[in-house]
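Trainee: kindly generate the corresponding structure for this input.
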Amino acid sequence: MHTSRRQLLKGAAALGIAAALPSWYLDEVLGQDRPQEPKSANDLPTFALVGCGGRGRGDAHDAQRFGRLVAVCDVDSSHAEGAAVELSQSQRETDQKIGRKSAPGNIKVYDDFRKLIDGEKDLTAIVVGTPDHWHTLVNLYALRRGKDVYSEKPLTLTIDEGKHVVATVKETGRILQTGTQQRSDPNFRLVCELVQNGRIGKLQRVTTIVPAGLRAGPFQPKTAPKTLNWDMWLGQAPLVDYVPERTHTTFRFWYDYSGGTITDWGAHHNDIAMWGMGMDGSGPNSVEGRRLVEQIPGGYTAASQYEIKYTYANGVEHTCKTTTADNFFGGKARDTEPGERRNGILFEGTDGWLFVSRGVAEASKPEILKDPLPPGAKRLYVSNNHMGNFFDCVRTRKAPVAEAEIGHRSVTVCHLGSTALRLGRKLQWDPQKHEFVGDDEANQKFVKREQRRPWTYEAVNV
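Mentor: Residues are numbered from 1 along each chain as shown. Here you go, the predicted model:
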């Protein structure tokens, strides 16, 4: 029986799927398997959360549908203790909602991820929500001790770290899901399938539009809170005095710990650009970029407004640029100018264009979206719940939708752009060798960074 539009929209709302999808695709999505929440506490895989800020807690909330949280860890004791209380309550609420009996026991609190991973012998998986400069070392430590990992994006702080993570996943046979959750959003999958199947003709240009970063300062050192282990928070990054703006949400705007919006929102949107181009296992051949404004001395260091241009072997031109119409937190900052695009990804071909963002899928002609793909068309990995996909893969051992190689390749594009902005010149890149061509400075300073001891690869690989 043909499903009515109202029924489709009702089903889509229940799954949290945007109503912008055409009916034929909604029908497909709703007919596909959904991740199953285990009904018995005894069937739940156990997991721990490392990094208890807002993003980490959000991931843990999602994971509680599919696993049982047994421990949390943070170098700020107030974060860890607060998360334990909040997530204990949310676990009971989640269990009640899906009719599952809650398991007894309290969530344990740790201040060192090594003690957590080594101490919780029956632990199945780790959810990593730390600042970016800690992702790799926690991931490597967990993988080498037999744990599966859900790691927040960007997967790495440097390109070299990505090579280590990919190699370790292959060596250990563990599951790693990169937290680029747009890969599990049907809007993004649909648009990428349409692009790959030639619905807009031959692909010529891709534009990824990300919010501008922060531009402020100078900032003054202060005394670190007693609850915070500042030295361990810094980890492999250079030793500096405590500055509040270096931590929590705004750590993203310092090159010591992240790359600004190019590795934050850019890790999401450039990932989708790579998916639509079919370049998941490769990368660009050249990159050049320019800052549109300079940062304030003594303030945030990562470029806040910029335009970066990439070229690929298939001739596609890819531009990543900032907009001041959307703020970093996803809200509207100002009205758009005529013809200006908002935060999202624009694919342009010889026969039209497709634009996609969260909750939005648009095309230059209605039929580009409305006409179903024919039998035999190329279809992409189906995942309608990113955390659910991770736990499905923990059980089945199949590769997740955003496996380590994909997370590495996508963030490499972001790291290349960041490097071009910092050096201020065009760079040639070899995506097979993972190195800049004929540029010793770029290879020596930006592919890999010096790690402050004891937080080195060697320390977590033992």
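
Trainee: grab the nearest non-local neighbour of residue 156.
Mentor: Spatial nearest neighbour of residue 156, excluding adjacent residues (Cβ to Cβ, 6 or more residues apart in numbering): residue 162 at 4.5 Å. Quick note: C-beta positions are derived from backbone N, CA and C, even for glycine.

Trainee: ok, that neighbour - contacts?
Mentor: Neighbouring residues of residue 162 by Cβ atoms under 8 Å, 6 or more residues apart in numbering: 155-156, 407-409, 411-412.

Trainee: at 10 Å instead, please
Mentor: 136, 154-156, 404-405, 407-412, 415, 434, 447 (Cβ atoms under 10 Å, 6 or more residues apart in numbering).

Trainee: inside helices: which ones of the residues you listed?
Mentor: In helices, defined here by DSSP state H, the members of those are 136, 404-405, 407-412, 415.

Trainee: give the buried subset of those as a PyMOL selection command.
Mentor: The PyMOL command for the buried members of the ones in helices among the contacts of residue 162 (criterion: 16 or more other Cβ atoms under 10 Å) is given here:
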select buried, resi 136+404+405+407+408+409+410+411+412+415
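
Trainee: which of the ones in helices among the contacts of residue 162 sits closest to residue 455?
Mentor: Closest approach to residue 455 among the ones in helices among the contacts of residue 162 (Cβ to Cβ): residue 136, at 10.1 Å.

Trainee: how about the contacts made by residue 154?
Mentor: Taking Cβ under 10 Å, 6+ apart as the test, what residue 154 contacts is 132, 135, 161-162, 178-180, 252, 258-259, 262-264, 266-268, 270-271, 407-408, 410-412, 414-415.

Trainee: quick one: contacts for the closest residue to residue 381 other than its chain neighbours?
Mentor: Take residue 381 and drop its neighbours on the chain: the residue closest to it by Cβ to Cβ, 6+ apart is residue 401, 4.8 Å away. For residue 401, the contact set (Cβ under 10 Å, 6+ apart) comprises 177-178, 180-181, 183-184, 189, 275, 380-384, 386, 389-390, 392-393.

Trainee: try it again with 6 Å
Mentor: Contacts for residue 401 (Cβ atoms under 6 Å, 6 or more residues apart in numbering) come out as 183, 381, 383, 389.

Trainee: of these - the most surrounded one?
Mentor: The residue in the contacts of residue 401 with the most neighbours, by other Cβ atoms under 10 Å, is residue 183 (26 neighbours).

Trainee: wait, isn't that one in contact with residue 402?
Mentor: Yes: taking contacts as Cβ atoms under 6 Å, residue 183 lies within contact range of residue 402: 4.9 Å.

Trainee: by contact count, what packs against the longest strand anywhere in the chain?
Mentor: Scanning the chain for the longest strand, with DSSP state E as the assignment, gives strand 203-211. Counting contacts by 3 or more Cβ pairs under 6 Å, 6 or more residues apart in numbering; DSSP states H and E, strand 203-211 is packed against helix 265-277, strand 317-323, strand 344-349.
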